[in-house]
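Enquirer: sequence first, predicted coordinates after that:
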Amino acid sequence: QLQASGGGLVQAGGSLRLSCAASGFTLDYYVIGWFRQAPGKEREGVSCISGSGGSTYYADSVKGRFTISIDNAKNTVYLQMNSLKPEDTAVYYCAAGDVVHCTPDEYDYWGQGTEVTVSS
């Protein structure tokens, strides 16, 4: 089970930190991703990280602003989001899978979404 949290309402330029806590399995052996879906749009990959933390991926739209990290001791993945923009507004989901790419179709285990709203 994956439990996502940390969403909220923030002004443009602000920051939020999302958390994705896993229970029942160990994240060490998976790739964990953050995905988002804005109203009327398809779900897209935001950032992904290997269970070891040694490999990360960022969508071009968030590079330099978002940072993904993993705390293996807490079995939790974080997404630090800085310099937020109104276009970052979406429901954010975390997912885990035995995958290679940061594309939502490949992931097996999904958490519930957490809503992020960035006001201008």
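Expert: Received, thanks.

Enquirer: so what strands line up beside the helix-or-strand element of the chain with minimal mean pLDDT?
Expert: Lowest by mean pLDDT, DSSP states H and E among the helices and strands of the chain is strand 109-110, with a mean of 94. In the sheet, strand 109-110 lines up against strand 90-97 (antiparallel) (DSSP bridges).

Enquirer: can you name the element that comes right after the least confident helix or strand of the chain?
Expert: Per DSSP states H and E, strand 109-110 leads on to strand 114-119 as the next helix or strand towards the C-terminus.

Enquirer: give me the helices and strands touching that following strand, please.
Expert: Applying 3 or more Cβ pairs under 8 Å, 6 or more residues apart in numbering; DSSP states H and E, we find strand 114-119 packed against strand 8-11, strand 16-22, strand 90-97. C-beta here means a position set from N, CA and C on the backbone, and glycine is covered the same way.

Enquirer: quick one: it to strand 90-97, angle?
Expert: Interaxial angle of strand 114-119 relative to strand 90-97 (axes from the mean of the first three to the mean of the last three Cα atoms, to 10 degrees): 150 degrees.
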